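K.L.:
Provide a 3D model corresponding to the input given below.
(one chain, ligands or ions: 1)
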Amino acid sequence: MVSVFLKDDNIKVNVSTGKSLREIARKSGASMEFGCRIGDCSTCVAKVLTGNNLLNKINAKELLALNAMGTNEENLRLMCQCNIEAEEGEIIISYFI
Ligand code: FES
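P.N.:
Residues are numbered from 1 along each chain as shown. Purely as a prediction, here's the structure:
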């Protein structure tokens, strides 16, 4: 199991491999906001404080959207494009950035 801590809502859930962060946010009642849900609008941008290596790698669409934001901040991801690939570990996310 992977522990996911949504810091800004103080929500912690244990999830299995393959779960999407969008699904985790929705099911846990997190206040994280989503728009297009396909990696175009950047509404769901968040900072992965811990555990970015437990997620899928950034895809081309996500990279394009993040670059368009013009920020140099590290470990920003689009939550609608992130899936958990590891079998165990801890992920900590902040979306009030
Ligand atoms: S909801 Fe639009 S990029 Fe994630």
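K.L.:
what residue lies at the spatial centre of the protein?
P.N.:
residue 79 (3.4 Å; CA atoms, centre = their mean).
K.L.:
and that one, its phi and psi?
P.N.:
phi -60, psi -30 (degrees, to the nearest 10).
K.L.:
which residues does it contact?
P.N.:
Residue 79 is in contact with 21-22, 25, 32, 34, 44-46, 93, 95, counting by CB atoms under 8 Å, 6 or more residues apart in numbering. Just so you know, the C-beta spots here come from the backbone N, C-alpha and C atoms, and that holds for glycine as well.
K.L.:
dump these to TSV, plus neighbour count and pLDDT.
P.N.:
As requested, the contacts of residue 79 are exported to TSV (neighbours: other CB atoms under 10 Å; pLDDT from 0 to 100):
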residue	neighbour count	pLDDT
21	27	96
22	18	95
25	25	95
32	25	94
34	14	96
44	23	97
45	21	97
46	23	97
93	28	98
95	20	93
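K.L.:
so of those residues, which ones are in strands?
P.N.:
With strands taken from DSSP state E, the overlap with the contacts of residue 79 comprises 45-46, 93.
K.L.:
the ligand contacts on this structure?
P.N.:
Proximity of the chain to the ligand, by CB under 6 Å from any ligand atom, involves residues 34-37, 39-44, 65, 78, 80.
K.L.:
with that, I have no additional questions.
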